[in-house]
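*Asks:* Turn this into a model:
(chains A, B and C)
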Amino acid sequence: MAAPASSAVFEPGGHLEAQARWSGWEIAFWLATLLPFLLFPNHLVLASQIAITALFALSLDLILGYAGIVSLGHAAFFGLGAYTAGIMSKHGWTDPFLGLLAGAAVAGIAGYATSFIIARFRHLPLIMITMGLGFLLHEAANSAEWLTGGSDGLQGVRKGKLLGVIAFDLYGYAAYAYALCVLFLVFLAVRRLINSPFGLTLRGIRENPVRMPAIGAPSRAHIRKIYTIAAVVAGIAGAVLTQTTATVSLGVLDFQRSADVLVILVLGGAGRLYGGLIGAVIFLVARDQFSGIAPQYWYFWIGALLVTVVMLLPNGVLGGLAHLTRRWRGAAP
Amino acid sequence: MSTLSTPALSTLGLEKRFGSLVVASDINLTIPHGVRYALIGPNGAGKTTLINLITGMLRPDAGKILLGGAEITAFKPDARVKHGLVRTFQINALFPQLTALEAVTLAVCERQGTAGVWWKPLSAYPDAVAEAYAILQTLGLAADGDRLTRELAYGQQRLLEIALALATKPKVLLLDEPAAGVPREESAELFAAIAGLSKDITVLFIEHDMDLVFRFASRIIVMVGGRILVEGTPREIAGDARVREVYLGGEAA
Amino acid sequence: MALGPILGVLFDGFAYGMLLFLLSVGLSVTLGMMNFVNLAHCAFAMLGGYVTVTLSRTFGWPFLATLPMAFLAAAVTSVAFERTLYRRLYRAAELDQVLLTIGLAFMSVAVAAYFFGTVVQPVETPSYLRGSINFLGMTLGRYRLFLVATGLTVALLLVLALEYTRFGATVRAAVDNQRMARGLGINVESWFAVTFALGSGLAGLGGALAIEIVGLDPHFAFTYLVYVLIVVSVGGLGSIGGSFAAAVAIGISDMAGKYYFPALGSFLIYLVMVAVLMWRPTGLFGRR
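*Replies:* This is a model prediction of the structure:
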């Protein structure tokens, strides 16, 4: 080591700053997201699905991975964003950015309203309430056929043009570019949040919710804030889905979607910023490859994977990798 | 406004029961500024329950709590902390995956009101980090500031408990068995930390370790079965027959 | 008489509630006792259903004889899982328990689909259980009467066992205060295994009985999980009486909702659940 003195040279905040710097892996990851344009031009539709799902998983990470709120109903906000964008385009406002803003706003308002309920509970009652609220919204959407089209899905969704000129082509170039840009920009904001004082606060809530009030933290206010932010991000993801596929159906709101995103996040590793993204890639690519097999068999392997992850890889793929690198580094001189 | 004659902390007729079990009955405390009071009593006497009542984790069935003369009975726990009433926990209530520095920085940010800021990086608040570091230094934890809390030795974790409390700039500090579980070899630092607490802070500590009690406390309160049995100077308490019979008589913990 | 349909809905709802009770009581007690979130609970129920189907159709067993086997199969299987997987997660975070048991449920759905296909399974009920009888001017389905009788009997047996046997006392102690129970020398883990087997067995019985009312297909493990979770949440963890009351309430509400407000679908029971949980997070009869 350079300096002779030991703890005297310890720079407080050095470690904290190091965490916030962009690592080589991160840069490599984002460069790799451009590869589909070159290497997999026939799979750009899948690529946009991955980008959208990654954004959705990122939103769940904010509440699950960072604040420790287990939600089995997060698809509610995804669906709200999706339906808002769809309904707006149906009535003539087809500009994608406008749809994004609207979807984000509606989801955010819903998130803020429900956050008052969510912040008061933990453990099983919280899981059940999030699940119940998700089901309620699904049923409401199902019944409100005049607005949502009910089980037939929303009719008359129109595709807008990006910046007024770029149309969504059949091959998915524009769609993927759009989805990727949205993902990246929102990711930047989320990354900033994670490295802010609020990010530290969230981890505190996750690590010990009892201790937080004892250091003067208004935990419920913090939880309401992050829940609202997560709802906004989920709403954006939903809106992008509608805009790139020109369809919205009840599937955006159902329990299956909430469960899937939970699986994806856990698979990649919650609380590690990139877990949802990695998980989305693995899950959707695998599902695409297995798409020939009947759906219930796909869920056999997902089930087996879940069992394996819980018993052997509790922190998901990224956690397992982090563990391996620590051991590898520990062994090296 | 509180003056020097206003007690730092006082309770009037505090009562709490769980069904038919009375855990606190007619608790009247008056604790002046800057003192070191000890609260002792056998297990199950209700000492931690009293701390929970004072800090707002439990709601009393009757009675009032006053901090510096102002009534705080209806305040939420985090509001009490903001007014300067802080506690530590008997069983470590720390943040396992945060480093020691991160944990104390978090407490500092909460105090400064910046804990909700999400658009600026943590590195934009070097003063908060520096303050956290300084607190760690006074408790001898600075060298391990970048280690995860769960990797710290038990004695260090007990010190981190106190560090978190200090980061909130308490006026009244309630220490719940600070030396609990700390082996003799490591308790010297702990004792030094408690001795080093500023005289501006009023301290009430629960302890079973009689060494600590007789060394630091200017006054001792004895609780038995949810009630205050007797209150007095260490010499008075050591000589009190009732106390010896109920508590010290058997064996000092 | 205008009262007719209302009484009919009440009776059908009550019978449905008995079914939900059988399906839910095991989960309520095991959740209350060990705080273990077992979302594979209805997979055991499904197993019981398929055992009955196999025994009665392939092996020609009479319906009533298959019921104890459904109970046993579910109980034994659950113990196998408990010994190998579940017990490692007793102290783990809720999320891990949720994920493990959901994973097992997913796998069970696939296995059921593989062996039995995705069709809804029919079941042969004996002739004396078919049709209905007339009682005080009401038409009561015989099978539903049988359900009600079974549900009430099981409820009674459970309450008696809980109050008057040592096993029951142990369960009550462990549900009430696990740490204290351990301190008293009660081996909570062993007793839990027995309770868990009993609860899963009852679910298996419920699954077998459910075939005639709601049908059996591989998705049973999830379709009824939601209802079971609602009953358990509303009734309160660890409470047999709570499960009974909640099951009856949910059963009747669901029937009434579907009969009188078909457009609302299941909206009503989800609303009830969220409302009850907000008012009392541990359920109506849960501890503390």
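*Asks:* name the element residue 110 belongs to?
*Replies:* Picked chain A for this. Using DSSP states H and E, residue A:110 sits in helix A:96-118.
*Asks:* nope, chain B please
*Replies:* Counting by DSSP H and E, residue B:110 is found in helix B:100-112.
*Asks:* which parts of that helix are buried?
*Replies:* Residues of helix B:100-112 classed as buried: B:100, B:101, B:102, B:103, B:104, B:105, B:106, B:107, B:108, B:109, B:110, B:111 (neighbour count, 16 or more other CB atoms under 10 Å in any protein chain shown). Placement of C-beta: from N, CA and C, glycine included.
*Asks:* Any chance you could give me it in PDB, C-alpha atoms only?
*Replies:* Extracted C-alpha coordinates of helix B:100-112, given in PDB (Å, rounded to 0.1, in the frame of the first residue of the first chain):
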ATOM      1  CA  ALA B 100     -20.600   1.900  10.100                       C
ATOM      2  CA  LEU B 101     -20.000   5.200   8.400                       C
ATOM      3  CA  GLU B 102     -23.100   4.800   6.200                       C
ATOM      4  CA  ALA B 103     -25.200   4.100   9.300                       C
ATOM      5  CA  VAL B 104     -24.000   7.100  11.200                       C
ATOM      6  CA  THR B 105     -24.200   9.300   8.100                       C
ATOM      7  CA  LEU B 106     -27.800   8.300   7.700                       C
ATOM      8  CA  ALA B 107     -28.600   9.400  11.200                       C
ATOM      9  CA  VAL B 108     -26.900  12.700  10.600                       C
ATOM     10  CA  CYS B 109     -28.800  13.300   7.400                       C
ATOM     11  CA  GLU B 110     -32.100  12.500   9.200                       C
ATOM     12  CA  ARG B 111     -31.200  15.100  11.700                       C
ATOM     13  CA  GLN B 112     -30.300  17.700   9.100                       C
END
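*Asks:* close to chain A, is it?
*Replies:* Yes - using CB under 8 Å from any CB of the partner chain, helix B:100-112 reaches chain A at B:101, B:102, B:103, B:105, B:106, B:107, B:109, B:110, B:111.
*Asks:* Need those in JSON lines (columns: pLDDT).
*Replies:* Output for the residues of helix B:100-112 next to chain A, formatted as JSON lines (pLDDT from 0 to 100):
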{"residue": "B:101", "pLDDT": "94"}
{"residue": "B:102", "pLDDT": "94"}
{"residue": "B:103", "pLDDT": "95"}
{"residue": "B:105", "pLDDT": "95"}
{"residue": "B:106", "pLDDT": "95"}
{"residue": "B:107", "pLDDT": "96"}
{"residue": "B:109", "pLDDT": "95"}
{"residue": "B:110", "pLDDT": "94"}
{"residue": "B:111", "pLDDT": "94"}
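*Asks:* top helix in the chain by residue count?
*Replies:* Because you didn't say which chain, this covers chain A. Longest helix in chain A, counting residues (DSSP state H): helix A:219-245.
*Asks:* that answer is for a different chain, and I need it for chain C
*Replies:* helix C:3-34.
*Asks:* one step back: need the contact partners of the helix holding residue B:110.
*Replies:* A:12-13, A:15-16, A:197, A:200-201, A:203-204, A:215-217, B:82, B:94-95, B:98, B:115, B:122, B:125, B:128-129, B:131-133, B:135-136, B:141, B:144-147, B:149, B:152, B:156, B:160, B:163-164, B:167-169 (CB atoms under 8 Å, 6 or more residues apart in numbering or on different chains).
*Asks:* What is the subsequent helix or strand relative to it?
*Replies:* helix B:126-138.
*Asks:* count of neighbours near residue C:217?
*Replies:* By the criterion of other CB atoms under 10 Å in any protein chain shown, residue C:217 has 20 neighbours.
*Asks:* OK, contacts around it?
*Replies:* Applying CB under 8 Å, 6+ apart, we find residue C:217 in contact with C:118, C:119, C:120, C:121.
*Asks:* what pLDDT does it get?
*Replies:* With respect to pLDDT, residue C:217 has a value of 89.
*Asks:* quick one: average pLDDT of the one helix or strand residue B:12 maps to?
*Replies:* Assigned by DSSP H and E, residue B:12 belongs to strand B:9-18. Strand B:9-18 shows a mean pLDDT of 91.
*Asks:* just the angle between the helix holding residue B:110 and helix A:219-245, please?
*Replies:* Angle, helix B:100-112 to helix A:219-245, by axes from the mean of the first three to the mean of the last three CA atoms, to 10 degrees: 100 degrees.
*Asks:* Next, the angle helix B:126-138 makes with helix B:100-112.
*Replies:* Using the same axes, to 10 degrees: helix B:100-112 against helix B:126-138 is 120 degrees.
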